[in-house]
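Colleague: No letters, just coordinates:
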């Protein structure tokens with residue numbers, strides 16, 4: 001097997017811990033074990049199926065590093081309230097010199113647009129929206145205000161339990177409830193005589209909103225999944241924390257995908273090993289208590305799951321961390337200890353969440369036409385230019401984001417001024433979820449075409465590059481995910497397997513819709529240089545993020561999956577599941593890191609570092625008093641530590 005540093009491992013060596021998955025969770029687990037695990041975890045390895053690290057963090061830098069122009073095809077932002085992410089990035093940047101500079105990520109602007117039921121209007125103009133939706137008085141508001149009213153309606157039925165559990169913070173909005181407060185109160189909440197967790201959120205909304213009000217909320221939020229039938233208790237917390245306030249979002253100067261790259265580099269520097277193009281097929285337990293992992297490694301360009309030009313070998317490990325999406329775990333071959341056909345309790349645990357289809361589609365322009373006065377933005381302070389932020393519509397494109405180089409933001413230059421990069425821009429022409437993804441998925445490459453030759457894609461990019469200005473970085477060598485691992489560089493013109501060049505028909509449909517959004521004459525906007533998209537709905541991801549199902553006892557599931565897992569006979573085994581899917585902050589890197597830190601402290605005996613000491617990790621974390629060696633006998637005292 002070839003590692004990230006070119007060495008072949010000794011397969012007779014028993015790993016102290018094998019980590020499956022080279023996304024943020026897996027890399028963080030490996031780095032913490034090697035950096036802070038002492039002599040107990042000298043031999044730790046990460047096995048990643050693809051040829052890059054990062055998982056669902058995928059940044060494309062069309063002009064390469066330092067240009068300040070980023071396309072985030074996966075996760076794209078974080079904020080200071082995401083304490084674990086914020087502090088880990090700060091530690092890697094300042095204490096380890098990993099070059100993780102934060103920069104603003106703009107989500108709003110007074111010039112941006114709503115296009116709802118054929119009517120263009122300024123974003124948030126619910127007065128104009130009323131001409132398109134038959135709204136009741138309760139519903140005549142912006143979507144965030146409607147959500148606040150819905151939450152107030154639910155919590156109104158729970159005044160007594162709130163006063164008992166949170167006497168010093170009786171109001172969720174005024175008292176700025178965070179994850180800790182919501183986790184204390186959620187299991188106790190009742191709505192119309194039933195536990196809130198047993199409601200589907202769509203079902204709950206239908207008791208409060210009219211059908212027109214529900215449709216207006218779904219359309220204007222920009223995400224269909226937010227009003228889907230996921231676990232209502234979790235949905236209310238999720239939407240309260242993320243959509244009733246406007247956080248000061250950040251990303252990284254070199255792209256959010258630079259975070260896992262630097263985590264991987266830090267893990268390597270600490271003595272860990274990363275094995276790319278290495279797919280776990282199955283794992284089983286040996287008589288002496290270790291585990292045998294059967295791994296298929298690709299020897300060529302094709303992904304290992306295609307079975308073309310591969311080798312299969314076995315590795316032994318004392319402990320196993322599955323840092324994998326639900327979909328990837330369901331693809332594992334059955335064994336005596338991990339069989340989802342016969343182990344129904346484990347199957348129910350894994351299926352307590354559902355993946356949300358997600359799709360991102362970027363167009364690269366050599367002229368940011370949306371910043372022009374006739375580009376379709378709404379007037380504010382004497383200009384109609386849209387510098388950044390996002391617009392929302394009910395067309396298949398759904399959400400459209402606007403990006404320009406960082407230098408344009410810091411010096412507020414207009415299109416065409418300054419350096420050669422500053423006239424260029426990126427439009428995330430479509431950010432889709434749920435059923436809207438089907439529109440693009442059927443238009444793009446089908447399953448067999450998704451497995452197209454990466455070399456052929458590279459040839460197409462080479463031809464394109466010959467037609468572009470010489471200053472342009474070869475387009476897809478600016479994808480974060482491989483560089484930084486012991487100096488390893490990604491070959492030019494080689495996009496990662498889940499990033500695709502958009503076909504002409506997809507580009508044309510997107511242009512038609514964005515021209516409607518911006519009120520432009522059909523065919524009047526400049527042609528983009530190239531389009532690129534990522535579809536996170538396909539295997540092995542099965543969704544861009546996950547939501548808890550209704551009737552799931554989230555705390556119970558999280559604590560069971562954080563391990564040790566149990567086999568069919570109820571025997572504990574040193575296997576643990578981490579990641580965003582089974583977290584209290586689904587859809588965010590914060591959730592992925594929180595579940596991982598819980599597992600490391602709970603099962604591997606790692607002490608929490610000083611730079612994480614004030615972070616709340618959610619259900620399953622070891623209370624501060626216990627971490628300090630103190631006993632807690634009162635359930636109320638225990639709740640107080642949360």
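Modeller: Received it, and whenever you're ready, just let me know what you need. Small disclaimer: the values here were computed from a predicted structure and weren't measured.

Colleague: just checking, residue 214 touches residue 207?
Modeller: No - contact criterion Cβ atoms under 8 Å: residue 214 and residue 207 do not qualify, at 10.6 Å. C-beta here means a position set from N, CA and C on the backbone, and glycine is covered the same way.

Colleague: Just list whatever residues bridge to residue 531.
Modeller: residue 363 (DSSP bridges).

Colleague: got it, and residue 392?
Modeller: Taking DSSP bridges as the rule, residue 392 bridges to residue 114, residue 399.

Colleague: And it, what's its pLDDT?
Modeller: With respect to pLDDT, residue 392 scores 99.

Colleague: Relative to residue 588, how far out is it?
Modeller: Look at residue 392 and residue 588: by Cβ to Cβ, to the nearest Å, they are 20 Å apart.

Colleague: Run through this protein and note the low-pLDDT ranges.
Modeller: 1-11, 302, 305-307, 411-421, 445-498, 622-642 (pLDDT under 70).

Colleague: Three-state assignment for the most centrally placed residue in it, please.
Modeller: Taking Cα atoms, centre = their mean, the centroid of the chain lies closest to residue 75, which sits 4.1 Å from it. Three-state call for residue 75 (DSSP: H, G, I helix; E, B strand; the rest coil): coil.

Colleague: Which helix or strand contains residue 121?
Modeller: Using DSSP states H and E, residue 121 maps to strand 119-122.

Colleague: quick one: buried residues of that strand?
Modeller: 120-122 (16 or more other Cβ atoms under 10 Å).

Colleague: which other helices and strands contact that strand?
Modeller: Counting contacts by 3 or more Cβ pairs under 8 Å, 6 or more residues apart in numbering; DSSP states H and E, strand 119-122 packs against strand 113-116, helix 126-129.

Colleague: burial measure for residue 67, as a count.
Modeller: Neighbour count of residue 67, defined by other Cβ atoms under 10 Å: 23.

Colleague: try residue 106
Modeller: Neighbourhood size, residue 106 [other Cβ under 10 Å]: 17.

Colleague: Repeat that for residue 191.
Modeller: There are 23 residues near residue 191, going by other Cβ under 10 Å.

Colleague: Residue 77 too?
Modeller: For residue 77, using other Cβ under 10 Å, the count is 18.

Colleague: Out of the helices and strands packed on strand 119-122, the one nearest residue 514 is which?
Modeller: strand 113-116 (9.8 Å; Cβ to Cβ).

Colleague: what does the closest one contact?
Modeller: By Cβ atoms under 8 Å, 6 or more residues apart in numbering, the residues outside strand 113-116 that reach it are 120-125, 128-129, 132-133, 216, 219-220, 376-378, 391-395, 516-518.

Colleague: which of the residues you listed are buried?
Modeller: For the contacts of strand 113-116, a neighbour count by 16+ other Cβ under 10 Å gives the buried set as 120-125, 129, 132-133, 216, 219-220, 376-378, 391-395, 516-518.

Colleague: Next, residue 390: secondary structure please.
Modeller: With three-state DSSP as the basis, residue 390 sits in strand.

Colleague: any idea how far it lies from residue 515?
Modeller: Residue 390 sits 17 Å away from residue 515, going by Cβ to Cβ.

Colleague: Pop the domain breakdown of the chain in here.
Modeller: 14-54+258-355+547-609, 59-110+356-535, 124-243 (automatic domain parsing).

Colleague: Nearest to residue 250, out of those domains?
Modeller: Once the domains of the chain are compared by Cβ to Cβ, domain 59-110+356-535 is nearest, at 4.4 Å.

Colleague: Tell me who's in contact with the closest residue in space to residue 177 that isn't next to it in sequence.
Modeller: Distance criterion Cβ to Cβ, 6 or more residues apart in numbering; nearest residue to residue 177, sequence neighbours excluded, is residue 169 at 6.5 Å. By Cβ under 8 Å, 6+ apart, the contact set of residue 169 is 175, 177, 181.

Colleague: how deep is the last one tucked in, by neighbour count?
Modeller: Going back to what we said before, that points to residue 181. So residue 181, with other Cβ under 10 Å, has 19 neighbours.

Colleague: Wait, it touches residue 173, no?
Modeller: No - the pair residue 181 / residue 173 is not scored as a contact, 11.4 Å apart, by Cβ under 8 Å.

Colleague: Buried residues of stretch 208-223, list them for me.
Modeller: 208-209, 213-223.

Colleague: cool, stretch 557-564 as well?
Modeller: By neighbour count on 16+ other Cβ under 10 Å, the buried set for stretch 557-564 is 557-558, 560-563.

Colleague: next one: that stretch to chain centre, how far?
Modeller: 21 Å (Cα atoms, centre = their mean, to the nearest Å).

Colleague: cool, stretch 125-136 as well?
Modeller: In terms of Cα atoms, centre = their mean, the centre of stretch 125-136 is found 32 Å from the chain centre.

Colleague: tell me how far the ends of it are from each other?
Modeller: Terminal residues of stretch 125-136 lie 16 Å apart, using Cα to Cα, to the nearest Å.

Colleague: Touching that stretch from outside, list them.
Modeller: For stretch 125-136, contacts defined as Cβ under 8 Å, 6+ apart pick out 114, 116-119, 121-122, 139-142, 209-210, 212-213, 215-216, 220.

Colleague: again, but for stretch 598-611
Modeller: Against stretch 598-611 from outside (Cβ under 8 Å, 6+ apart): 17, 29, 32-33, 36-37, 40-41, 87-88, 90-91, 95, 319, 321, 562-564, 574, 576, 578, 597, 617-618, 620-622, 627.

Colleague: Would you mind giving me the PyMOL syntax to select the buried ones in those?
Modeller: Restricted to buried positions by 16+ other Cβ under 10 Å, the PyMOL selection for the contacts of stretch 598-611 reads:
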select buried, resi 17+29+32+33+37+41+87+88+91+319+321+562+563+574+576+578+597+617+618+620+621
